[in-house]
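A.B. asks: Have a look at this prediction, sequence included:
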Amino acid sequence: MYKTLARKYRPQVFEEVVGQEEIVETLKKAIRINRVTHAYLFSGPRGVGKTTIARIFAKALNCANGPIETPCNKCDSCIEITNGSSLDVLEIDGASNRGIDEIRNLRENVNLLPAKSRFKIYIIDEVHMLTNEAFNALLKTLEEPPDYIKFFFATTAPEKIPPTIISRCQRFNLKPLKREDVKKKLIEICEKENIKIEEKAIDEIYDFCEGSLRDAISLLEQLIIFSDEKVKYEDVRNLLGFPETKKIEEILKYILDKNYINCLETFHNLISDGKDPGLILESMTGKVKNVVEVRFGKESPVLEEKIIEEFKRIEIEKIFEGINYIIEFKDRIRRDREPLLMCEILLLKLCQLWGQEKRKIEEKEIKAETIFDIKFDESEEKKYKEFNWDEILKEIKKIKPTLEAALREGKFEKIEGNSIYVVFDRKFNFHKSMVEKHSSKIEKIIFDYTGKKYKIIPVLDENKKSIVENPEVKKIIEFFNGDILKVEE
C-alpha cells in the first residue's frame, strides 16, 4: 500500500527529529532521571514536529523496554502507537472534540487503569480550540491526575489557552525550522527516493513553506509527480502559480522607466493567464530583495544587469519604502473588494517612487536639449496648434506618462469658455484625484500646445439619470403607480 512521503519519513525516535535539539534533549533527560511530569504543552507553527515529538515521547514512556530515551519500535506498544491503534495512547483533535461533553467523557475514562501499558496518555492536538467550559472541566483533572495519566497538548495558538491550564503544564516552544535543516532533510529524502532536484528548487520550497518541514515534504511529493526526470526551480514556481521570472522583471523595468501603461498591461496579462495578484506582488518583493542583497555586496540569483543598474540610482531608503508599499498592499488585496484596482494603485505609486531618479536625469537632458534649440533657433517663432484632445494626451504622455494614463480613464466631455471638463466613472475616483493634484502641469502642457489658457475640471459621473430612465425601472414605477422621490447609490 502506498504511503505518502510525509508519513513514510516521519521521525520514529528522538534522534530523527529535525531542528528541535534542545527540546528533544530536555525530554530525554527527563526520562533518564525519572522526572516526567503529568502534562506537557508543545506550541509552535504547523509542521515543525509538535505531535511527532508527543508520539515519540509516548512511545518512549510505554515501550516494553522503557521508560527509555530511544523506543525500540518493535514491541507491541511501540507498533500500536505508531499505527494509531493503541488503547492507552489516545489522540484527540481539539477542533472537532472541543465541547464540555467530550471532556467529561475523558474525565470519566481517566479513572480507568491503562489496558496493558505503563501509562494512559492523552495527546490533544490544537488544544486551543476547546471551549471555556471544556477547559474548566479539564482543569480539575490537571490539578490532581492519577499517577498513570499523562497529557500532551499541541497548539499553534498558545495565547488562546487559559493561563490556569498553561501554569499546570511544562511548556516547550518549537521554532520554525532553519533553511539548512529543511534542505538537508529534503536532499536525504530525494536520495532515498532516487529523485534529482535543483538546489534552487529546494530553496524555493523552503521559502514557500516558511519553515514547515511537513509542508515542504508534501510539496516535494507533488513536484515529483508534476516534474519529468528532475525537479526544477521553474517547476516549483509553476506548480505554486508564481508568475514567470521574466514577466516580473519586465514589470520592474517598466516601473523604473515610469512606463505605467506597459507596466499595467504586463500585470493584466499575468492576471489573464490565471496568476494570483498576491503571488505577483510576492514575486516582486523577492526580486527587489535580490537587488538589495546585491547592493550590500551579497551574491544573489541572476538578475538583469539593467535592473541592477537602475536600482543603483535610487536611494536605499526609497527601495525599502517601496517594499513596504508592496507588503502593505499584498495584505490589503486579501480584504478589499477591488483587488485589481488596489494593485493598479500600487504600481502607480511604485512608478512615482522608484522612477523618480531616472525621471530627473531625463528632465535634465530635455532641458539641455531645449537650451541647445533656443541657441540656434532664437529667430523662429513658436507655432501653436488647434485644440485636439488626443494630440494633447500624446504631449502629456511624453512628459508624464502616469498622468496621461490617469486622464485616459476619464472621458473628454466638453469645453465651456476656458474650462475643459473630463468625466470619470466612480470606480476611477483615484485617477480623478490624481488629475486634480497635477492640474497645473496639465494646463501648462495644454498652453504650450495651443497658446491658450485653459482650466482642467475633472468630475465624477453620478449616472443617476440613466438609472431613472432604465426601462425596467419605468415598468416598476408604472406597475405600482409610484413616483421617484430620491435617487441614492
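C.D. replies: Cool, the structure landed.
A.B. asks: Quick one: neighbours of the closest residue to Met434 other than its chain neighbours, just the number.
C.D. replies: Of all residues beyond its chain neighbours, the one nearest Met434 is Ala406 (4.5 Å), with distances taken as CB to CB, 6 or more residues apart in numbering. From N, CA and C alone the C-beta is placed, and that goes for glycine too. Per other CB atoms under 10 Å, the neighbour tally for Ala406 reads 27.
A.B. asks: Pull the strand or helix carrying Ala406 out as PDB, backbone CA atoms only.
C.D. replies: Taking DSSP states H and E as the definition, one finds Ala406 inside helix 401-408. C-alpha atoms of helix 401-408 as PDB (Å, rounded to 0.1, in the frame of the first residue of the first chain):
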ATOM      1  CA  PRO A 401       3.100  59.000 -18.700                       C
ATOM      2  CA  THR A 402       1.400  58.300 -15.400                       C
ATOM      3  CA  LEU A 403      -0.700  61.500 -15.700                       C
ATOM      4  CA  GLU A 404      -1.700  60.600 -19.300                       C
ATOM      5  CA  ALA A 405      -2.800  57.200 -18.100                       C
ATOM      6  CA  ALA A 406      -4.900  58.700 -15.400                       C
ATOM      7  CA  LEU A 407      -6.600  61.100 -17.900                       C
ATOM      8  CA  ARG A 408      -7.400  58.300 -20.300                       C
END
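A.B. asks: In that helix, which residues are buried?
C.D. replies: By 16 or more other CB atoms under 10 Å, the buried positions in helix 401-408 come out as Pro401, Thr402, Leu403, Glu404, Ala405, Ala406, Leu407, Arg408.
A.B. asks: Identify each buried residue in the helix or strand that that helix is followed by, please.
C.D. replies: Next helix or strand after helix 401-408 toward the C-terminus (DSSP H and E): strand 410-416. Using 16+ other CB under 10 Å as the test for burial, strand 410-416 gives Gly410.
A.B. asks: quick one on the thing from earlier: give me the distance between the helix holding Ala406 and the centre of its chain.
C.D. replies: A distance of 30 Å separates the centroid of the chain from that of helix 401-408, by CA atoms, centre = their mean, to the nearest Å.
A.B. asks: for it, packing partners?
C.D. replies: In terms of contacts (3 or more CB pairs under 8 Å, 6 or more residues apart in numbering; DSSP states H and E), helix 401-408 is packed against helix 260-272, helix 339-354, helix 389-399, helix 429-437, helix 439-450.
A.B. asks: What lies in contact with that helix?
C.D. replies: Contact with helix 401-408 is made by 258-261, 264, 348, 351-352, 393-394, 396-397, 422, 431-432, 434-435, 438, 441-442, as judged by CB atoms under 8 Å, 6 or more residues apart in numbering.
A.B. asks: Report the buried members of the residues you listed.
C.D. replies: Applying 16+ other CB under 10 Å to the contacts of helix 401-408, the neighbour count classes 258-260, 264, 348, 351-352, 393, 396-397, 422, 431-432, 434-435, 438, 442 as buried.
A.B. asks: Check the secondary structure at the nearest residue to Val127 once chain neighbours are set aside for me.
C.D. replies: Ranked by CB to CB, 6+ apart and with sequence neighbours excluded, the top spatial neighbour of Val127 is Phe153, at 4.2 Å. At Phe153, secondary structure determined by DSSP: H, G, I helix; E, B strand; the rest coil is strand.
A.B. asks: Surely Phe153 is in contact with His38?
C.D. replies: No - using CB atoms under 8 Å as the test, Phe153 is too far from His38 to be in contact (11.7 Å).
A.B. asks: which one of these two has more residues nearby?
C.D. replies: Phe153 (29 against 18).
A.B. asks: Domain boundaries for this protein, per the record?
C.D. replies: 5-173, 179-240, 245-359, 381-489 (automatic domain parsing).
A.B. asks: Rebuild the ones you listed as TSV, extending it with mean pLDDT.
C.D. replies: Shown next, in TSV, are those (pLDDT from 0 to 100):
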stretch	mean pLDDT
domain 5-173	91
domain 179-240	89
domain 245-359	84
domain 381-489	79
